[in-house]
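S.K.: just the structure for this:
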Amino acid sequence: MHEQGGEPPCLSQLRLFPRRRPSVHASREFVANALTGWQLTALIDDIQLCVSEPATNALLHGAPPRREFAVRLELTDDFVRLEVRDSGDGRPVVQDADESSCSGRGLFLVSELASDFGIDDHTVGKTVWAAFKRPAVP
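M.R.: Prediction:
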């Protein structure tokens with residue numbers, strides 16, 4: 001996975017984002033940079049799409065004013081796990097949106113693209129997570 005004699009890749013990366021609109025784009029860049037560093041560029045498109053939904057939900061509904069939300073990527077032997085944690089109330093719901101809806105499909109897309117998906121409740125806030133199967137190493 002890494003060049004012989006070089007540093008092994010960091011197995012987990014975490015970044016905090018302020019409750020501001022540019023943070024959704026910044027979270028997508030964070031994901032792309034981490035996956036590029038781990039030489040998992042084949043997963044960038046899916047995981048960037050999947051970070052957008054919980055990051056947007058954290059921005060609009062989860063992170064109270066003047067608070068942040070966290071995006072974490074963890075690399076295991078078999079999976080890349082994406083987590084978005086915020087400190088807000090409420091629990092997002094996966095829903096099928098009808099054809100005339102302009103919104104409401106985000107978590108459904110995440111649940112379809114990911115190998116596994118869930119929401120963990122905490123004393124304060126929640127974590128929306130998705131796990132993606134790592135491609136086979138040639």
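S.K.: show me where pLDDT drops low in the chain?
M.R.: Applying pLDDT under 70 to the chain picks out residues 1-10, 95-104, 137-138.
S.K.: can you map out the strands along the chain?
M.R.: With DSSP state E, the ranges of strands along the chain come out as 12-18, 68-75, 79-86, 116-121, 126-133.
S.K.: go through these and name the closest to residue 46.
M.R.: The closest of those to residue 46 is strand 126-133. By CB to CB, the value is 6.4 Å. In short, each C-beta sits where N, CA and C put it, glycine included.
S.K.: for that closest one, buried residues please.
M.R.: 126, 127, 128, 129, 130, 131, 132 (16 or more other CB atoms under 10 Å).
S.K.: of those, closest to residue 114?
M.R.: Residue 114 has its nearest neighbour among the buried residues of strand 126-133 in residue 130, at 3.7 Å by CB to CB.
S.K.: now that closest one: closest residue in space, sequence neighbours ignored.
M.R.: Using CB to CB, 6 or more residues apart in numbering and skipping residues adjacent in sequence, the residue nearest residue 130 is residue 114, 3.7 Å away.
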